[in-house]
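>>> Predicted model and sequence follow; I will ask about them next.
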Amino acid sequence: MTATETPIDTLIDVDAPPSGIGPALADAWTEARRHLMVIPRNPELLVFSTIQPVMFVLLFNYVFGGSIQIPGFDSYEQYLMPGIFAQTVVFGSSFTAVGIAEDLSRGLIDRLRSLPIAQSSVLVGRTLSDLVRNAFTFVVMLAVAFLVGFRFGGSLLGALGATALLLFFSYSFSWIQAFIGLSIGSVEAAQSAGFIWMFPLTFVSSAFISTDTLPGWLQAFADVNPFTVLTNAARALYNGNDPGNELWLAIAWATGITVVFSTLAIRKFARATG
Amino acid sequence: MHAIEAHGLTKTFGETRALDGLDLVVPRGSIVGVLGPNGAGKTTAVRVLTTLLRPDGGTAHVDGIDVVADPRRVRTRIGLTGQYAAVEERLTGRENLELVARYFHLPPDRIRGRAAELLERFDLVEAADRQANGYSGGMRRRLDIAMSLIAKPSVLFLDEPTTGLDPRSRLGMWDVIEELGNEGTTVLLTTQYLEEADALADSITVIDRGTKIAEGTADELKDQIGGDRIRVSIADPANAERAKAALAPLATGPVELDAGSTTTMSAPIRAGGGVVPQAIRALDDAGADVLDVEVRRPTLDDVFLTLTGRRADTDTEVGA
């Protein structure tokens, strides 16, 4: 046993670990960078996660397009596509739950938590990289929508605003998913837990149909569903109509979800995970 | 100041008391093996000491810093290699190392330099630019430890570092750990392999049910349960009494015939060499024709069995 009291050769200032917003942002970027580097190295995942929304665009358009008429819209595409876009970006958020569950089960979260970094940066980095992934999927889907006849009915600015709103919603849902991923831990379970509740959320809404056609009790839910609010606001902006209050309501929902669930998820992360 | 000092640590998960008043002292620059069966509390202890888990009670200091009050400063001084090789599969070995270096906010040239140094040291230069998902178990483990060493931590925690490795990789890992110890890094190593603690650790803490049940060097632990035993076989049962009398001066306890045998006898002896030639001489002088003499050191399995009444590798009680 060599109980030497020699000073420890260390590369960092052990008494003043970096703190404050600057290093925290750098840490978040390091973490986001890790995920972004991995995306192109897993092309299968990228291809299949892009195929799914494209398939939805084509299926809904060609299967239901002929039989669904929406008053006030000349074609079903103009009504449907914003709904599919909204559903896709929200579904896309489930990557966050799966990714975090994977990192947990592989011990990577433990490794990160044992480093002198801002604890919040791991989740901020993860959700930001998922936002980039979802934006990529969105662009591909938009191109396909154009191919089947979807057009911006209003200004380009309105369309950009609608896109930004959808991606903001997607980001806010990533925080719900981060919380789910941290709570569940098993990759397989996170896969369904992140996904399953989004089916009623997105289908019992104005995404694909007019909510007037629903039975009364279901319509009541559909009308207050934040997903309906989001779809209506995006649809109005893409078609050059006035979104009215629903735009502000949608922004409020996304902001509220982000604040509440980022707080919950970061707290859950910082507290020991078993 | 010791590298690790923990007193009375407790942690309960639901009904399970994972830590039940654990004391642990690790002197600076030593390798301490924490030995115990599955579920003894080894991993929970490591998680508390590495700030991943808050204890319910007790105190713990690493490098003199309180793990509960000042976890962030503790994290600047420790390296952790957990039970899974925590590497990003789709990044290369080099990228994995640079990732951790970036988290420590090293300047860009130090990031590259430190990664290159560690790749060299852990024999990963050839594989440096291949994705880690193509690595063997041993390579992955080496990368994992290299990642823990980025910032030259003063205390390294290795939680069952060889679990799941093939025998050759395990020996390779032993070399790595021994070398770290020689360089003065304090290493806390948990293991359920008795021979591993024996081979690597300067001192061993045996824990069971969340509490320390023994500590000392491997030799001290073995002495604690009665040291070595000599076992002698002779040709003729008629000479048994004579042989027993000849052995008595060398023994530290009674010389007894083994159960069911008239020609084989055993006795506890003091630890250390020189007993075998003395025994043979004494038996020859007494005219007992010796067939075989062996001295057996107790294994840590014997230690565990004696201390707990259970074997280390199973959870089954051994009948009293």
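Sure thing, it's come through.

>>> where in the chain is pLDDT low?
As the question left the chain open, I've gone with chain A. A:1-10, A:14, A:272-274 (pLDDT under 70).

>>> switch to chain B, that's the one I care about
Segments of chain B classed as low confidence (criterion: pLDDT under 70) are B:225-226, B:271-273, B:300-301, B:309-320.

>>> Now do the helices in it.
According to DSSP state H, chain B carries its helices in the segments B:42-49, B:71-75, B:93-103, B:108-121, B:137-148, B:167-182, B:194-200, B:218-224, B:240-247, B:275-285, B:300-308.

>>> Tabulate those helices (CSV), appending distance to chain A.
Using the backbone N, CA and C atoms, a C-beta is placed for each residue, glycine as well. Shown next, in CSV, are those (distance: least, C-beta to the nearest C-beta, whole Å):
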stretch, distance to chain A
helix B:42-49, 7
helix B:71-75, 4
helix B:93-103, 5
helix B:108-121, 7
helix B:137-148, 7
helix B:167-182, 8
helix B:194-200, 13
helix B:218-224, 13
helix B:240-247, 36
helix B:275-285, 27
helix B:300-308, 19
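
>>> and among these, the most buried is which?
Ranked by average neighbour count under the criterion mean count of other C-beta atoms under 10 Å in any protein chain shown, these are headed by helix B:42-49 at a mean of 25.

>>> There's contact between A:Arg151 and A:Ser75 in this structure, I believe.
No. No contact is recorded between A:Arg151 and A:Ser75 when judged using C-beta atoms under 8 Å, the distance being 9.3 Å.

>>> show me what contacts residue 135?
Going with chain A. A:Ala135 makes contact with A:Leu167 under the criterion C-beta atoms under 8 Å, 6 or more residues apart in numbering or on different chains.

>>> looking at chain B here, not the other one
B:Tyr135 makes contact with B:Val87, B:Gly93, B:Ala127, B:Leu143, according to C-beta under 8 Å, 6+ apart.

>>> Okay, B:Gln192 and B:Ala40: tell me how far apart.
When distances are taken as C-beta to C-beta, to the nearest Å, B:Gln192 and B:Ala40 turn out to be 8 Å apart.

>>> Would you mind telling me which of these two has the busier surroundings?
Neighbours per residue, other C-beta atoms under 10 Å in any protein chain shown: of B:Gln192 and B:Ala40, the larger number sits with B:Ala40, 24 against 17.

>>> pretty sure the more buried one contacts B:Lys212?
No. Applying C-beta under 8 Å as the test, B:Ala40 and B:Lys212 come out as separate, 10.2 Å apart.

>>> Could you check how far B:Gln83 is from chain A?
For B:Gln83, the distance to chain A under the criterion C-beta to the nearest C-beta, to the nearest Å works out to 7 Å.

>>> now swap in B:Asp70 and tell me
As defined by C-beta to the nearest C-beta, B:Asp70 lies at a distance of 10 Å from chain A.

>>> what about the helices in chain A?
With helices called from DSSP H, chain A shows them at A:21-38, A:43-59, A:76-92, A:94-105, A:108-113, A:119-147, A:156-184, A:187-195, A:198-203, A:216-224, A:226-238, A:245-270.

>>> would TSV of the ones you listed with distance to B:Ala132 be doable?
Putting those into TSV (distance: least, C-beta to C-beta, whole Å) gives the following:
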stretch	distance to B:Ala132
helix A:21-38	11
helix A:43-59	17
helix A:76-92	27
helix A:94-105	14
helix A:108-113	12
helix A:119-147	19
helix A:156-184	22
helix A:187-195	18
helix A:198-203	33
helix A:216-224	47
helix A:226-238	39
helix A:245-270	24
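
>>> Now do the same contact list for the residue nearest to B:Ala282 when sequence neighbours are not counted.
With sequence-adjacent residues excluded and distances taken as C-beta to C-beta, 6 or more residues apart in numbering or on different chains, B:Ala282 is closest to B:Ala246, at 4.3 Å. Under the criterion of C-beta under 8 Å, 6+ apart, the neighbours of B:Ala246 are B:Ala279, B:Ala282, B:Leu283, B:Asp285, B:Ala286, B:Ala288.

>>> repeat for B:Asp292
Taking C-beta under 8 Å, 6+ apart as the contact definition, B:Asp292 lies against B:Arg231, B:Val232, B:Ser233.

>>> For beta bridges, what are the partners of it?
Under the criterion DSSP bridges, B:Asp292 forms beta bridges with B:Ser233.

>>> Run a quick neighbour tally on B:Val32.
Residues contacting B:Val32 under the criterion other C-beta under 10 Å number 26.

>>> what's the closest non-adjacent residue to it?
Nearest residue to B:Val32 in three dimensions, chain neighbours excluded: B:Val26, at 4.6 Å (C-beta to C-beta, 6+ apart).

>>> for A:Arg235, same thing?
A:Pro82 (4.0 Å).

>>> That neighbour and A:Tyr238 touch, don't they?
Yes. Using C-beta under 8 Å, A:Pro82 is in contact with A:Tyr238, at 5.0 Å.

>>> Residues in contact with both of these two, list them for me.
Contacts common to A:Pro82 and A:Tyr238, judged by C-beta under 8 Å, 6+ apart, are A:Ala162.

>>> Just the CA trace of stretch A:140-160, in PDB.
Coordinates of each C-alpha in stretch A:140-160 appear next as PDB, following Å, rounded to 0.1, in the frame of the first residue of the first chain:
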ATOM      1  CA  VAL A 140     -39.600  15.300 -45.900                       C
ATOM      2  CA  MET A 141     -43.300  15.000 -45.100                       C
ATOM      3  CA  LEU A 142     -44.000  18.500 -46.300                       C
ATOM      4  CA  ALA A 143     -42.400  17.600 -49.700                       C
ATOM      5  CA  VAL A 144     -44.600  14.600 -50.000                       C
ATOM      6  CA  ALA A 145     -47.700  16.600 -49.100                       C
ATOM      7  CA  PHE A 146     -46.800  19.000 -51.900                       C
ATOM      8  CA  LEU A 147     -46.600  16.100 -54.300                       C
ATOM      9  CA  VAL A 148     -50.100  15.000 -53.500                       C
ATOM     10  CA  GLY A 149     -51.500  18.500 -54.100                       C
ATOM     11  CA  PHE A 150     -51.200  20.300 -50.800                       C
ATOM     12  CA  ARG A 151     -50.500  24.100 -51.200                       C
ATOM     13  CA  PHE A 152     -49.900  27.000 -48.900                       C
ATOM     14  CA  GLY A 153     -53.200  28.900 -49.200                       C
ATOM     15  CA  GLY A 154     -51.800  32.100 -47.500                       C
ATOM     16  CA  SER A 155     -48.500  33.900 -47.100                       C
ATOM     17  CA  LEU A 156     -45.200  32.100 -46.700                       C
ATOM     18  CA  LEU A 157     -44.800  33.900 -43.400                       C
ATOM     19  CA  GLY A 158     -48.100  32.300 -42.200                       C
ATOM     20  CA  ALA A 159     -46.800  28.900 -43.300                       C
ATOM     21  CA  LEU A 160     -43.500  29.400 -41.500                       C
END
